[in-house]
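K.L.:
The following block contains a protein sequence and its predicted model.
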Amino acid sequence: MRLSWLTVLVLLLGVPGALRAQTLCELPHPLDRLSTLHGSVAFVAGDGPACDIDASLEAEGPGASGAFAWYSVPDRRSTFRISFRIDTSGLPTLSPIDGTEILAVTSRHGVPGFAGNALLRVGLVGVGEPGLVYLTYAARCGPAGGAVCSGGTIAAGVTGLVANGDRLAFEVSIGAGADGWARFWQNADFTDAPTAVVDNLDNAALSGPEDIALGAFNRFSALQPDGMALRFFQIQTFDDVVFWSGLDD
Amino acid sequence: MTDSPHVPFVFALSVISGLIAADVAAQTCAAPEHASANVVLTGNTCDGASTMPTQNHGTILTPGAERVLRVSGTYGVTDLVLTGDPQQVYVFVCSGCGPNAECVASGESNGVATFIEYPQGDGPYYVIVDSPTEQCSDYTLGVSGPLKQEP
């Protein structure tokens, strides 16, 4: 069907305001798809040109909940970086055994065992104060082990407190070289010394980053069944093939 | 997807005529079970192998063994009523099968996962019982709705 210029003009002028508002921001490419299970998620206009992500999990939802943006690459990447700021003002006051995960960097090639395809998982747990949470991480260690891998195959720990508006940045490098690593920066640039490092991740078992999810998912709600709402803004995502842009500094 | 208040539904299932009771070995993505609607499946989360350490784009940790049913959708609403140890058993409805597949409905033991099917050629779907732990838990999954058995 061919449209006349007049028809096109009428269509453009007639686009509802709500629809135009949805297009006023650019998707935080390549995070361009949304997924929800017992929650809601949306790309929303924020202060910058890139869309923010609003993600919330319904109250009293199951652990099998999720509200996140995601993307999948056709082939593994050896290195992946993402940075964003996080608005925690929509979280209820969480206890130390309540929380949610916010970032999953995974391989599509699962291996047996706990978190068997997880390159890096990042979560938030409460400290009993509004809007204040601890940042947690988990990654799969390789045979060489390391300081944070001793005694098991999973490196897991807590990096520190995260406050409303903090900037978080992560780098995952797995699938090339002898051993992989994950690095984390809080309110710092990639050029600064990392806030935390997990070395000796399992290159042999994990083929490299293939799927990325950012939002709220895999909630754990021992004491706090309220809904959880998070906003991610100033999102920047890079991988080493499509979007690598000189950040290897 | 949201839960629906169908708590008595599991009891209604038990009196549905023609109800099929099944207790078969857990299956995998490569060799899924086939089941039609109005079926009750029983099992244990340690039956079979764990080949999917996560579900739904790698976001939900599921280190337990899976049970996989391949079904096709027709328009309608299907309720999957899962009973078992609280928070030890999950059920997913996914449009693919694997640790990073897209899932469109979920629930946990002692809850209902309501799966709303769409009429325009969607499917097949995979109904997957999985566990967030490596502990062994008995479960019963009641499926009611317009699911079709896939060959």
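P.N.:
Done, it's in. Residues are numbered from 1 along each chain as shown, chains lettered A, B, ... in the order given.
K.L.:
wait, residue B:103 sits on residue B:91?
P.N.:
No. The pair residue B:103 / residue B:91 is not scored as a contact, 10.0 Å apart, by Cβ atoms under 8 Å. C-beta here means a position set from N, CA and C on the backbone, and glycine is covered the same way.
K.L.:
tell me the pLDDT at residue A:22?
P.N.:
Model confidence at residue A:22, given as pLDDT, is 50.
K.L.:
Could you check the pLDDT of the closest residue to residue B:45 other than its chain neighbours?
P.N.:
Leaving aside its chain neighbours, residue B:45 sits nearest to residue B:131 (3.9 Å; criterion: Cβ to Cβ, 6 or more residues apart in numbering or on different chains). Note on residue B:131: pLDDT of 93.
K.L.:
gap between residue B:131 and chain A?
P.N.:
Look at residue B:131 and chain A: by Cβ to the nearest Cβ, to the nearest Å, they are 11 Å apart.
K.L.:
remind me which residues of chain B are low pLDDT?
P.N.:
Chain B contains residues with pLDDT under 70 at B:1-27, B:73-75, B:117-123, B:148-151.
K.L.:
Let's check: the centremost residue of it is which one?
P.N.:
By Cα atoms, centre = their mean, chain B has its centre lying nearest to residue B:127, at 3.8 Å.
K.L.:
Give the bridge partners for it, please.
P.N.:
For residue B:127, the beta-bridge partners are residue B:69, residue B:93 (DSSP bridges).
K.L.:
Pull out the buried positions in stretch A:87-101.
P.N.:
Within stretch A:87-101, the residues that count as buried by 16 or more other Cβ atoms under 10 Å in any protein chain shown are A:87-88, A:90-92, A:94, A:98-101.
K.L.:
Dump it to PDB, restricted to CA.
P.N.:
Below are the C-alpha coordinates for stretch A:87-101, written out as PDB (Å, rounded to 0.1, in the frame of the first residue of the first chain):
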ATOM      1  CA  ASP A  87      17.400   4.500  41.700                       C
ATOM      2  CA  THR A  88      16.600   2.500  44.800                       C
ATOM      3  CA  SER A  89      14.000   4.800  46.200                       C
ATOM      4  CA  GLY A  90      11.200   2.400  45.100                       C
ATOM      5  CA  LEU A  91      12.500  -0.400  47.200                       C
ATOM      6  CA  PRO A  92      10.800  -1.200  50.500                       C
ATOM      7  CA  THR A  93      12.900  -1.500  53.600                       C
ATOM      8  CA  LEU A  94      14.600  -4.800  53.000                       C
ATOM      9  CA  SER A  95      16.100  -7.000  55.600                       C
ATOM     10  CA  PRO A  96      19.400  -8.800  55.100                       C
ATOM     11  CA  ILE A  97      17.600 -11.900  53.800                       C
ATOM     12  CA  ASP A  98      15.400 -10.000  51.300                       C
ATOM     13  CA  GLY A  99      16.400  -8.800  47.900                       C
ATOM     14  CA  THR A 100      16.500  -9.300  44.200                       C
ATOM     15  CA  GLU A 101      19.000  -9.800  41.500                       C
END
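K.L.:
next one: it to chain centre, how far?
P.N.:
16 Å (Cα atoms, centre = their mean, to the nearest Å).
K.L.:
Which strands and helices lie in contact with the longest strand along chain B?
P.N.:
Taking DSSP state E as the criterion, chain B has its longest strand at strand B:76-84. Applying 3 or more Cβ pairs under 8 Å, 6 or more residues apart in numbering or on different chains; DSSP states H and E, we find strand B:76-84 packed against helix B:9-13, strand B:90-94, strand B:103-108, strand B:111-117, strand B:138-144.
K.L.:
Let's have the buried residues of stretch A:87-101 in a markdown table, adding secondary structure and distance to residue A:228.
P.N.:
Below are the buried residues of stretch A:87-101 laid out as a markdown table (DSSP: H, G, I helix; E, B strand; the rest coil; distance: Cβ to Cβ, whole Å):
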| residue | secondary structure | distance to residue A:228 |
| --- | --- | --- |
| A:87 | strand | 12 |
| A:88 | coil | 10 |
| A:90 | coil | 7 |
| A:91 | coil | 6 |
| A:92 | coil | 7 |
| A:94 | coil | 8 |
| A:98 | strand | 9 |
| A:99 | strand | 8 |
| A:100 | strand | 5 |
| A:101 | strand | 11 |
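K.L.:
wait, which of those residues is closest to chain B?
P.N.:
residue A:101 (7.0 Å; Cβ to the nearest Cβ).
K.L.:
correct me, but the closest one touches residue B:58?
P.N.:
No. Between residue A:101 and residue B:58 there is no contact under Cβ under 8 Å: 10.4 Å.
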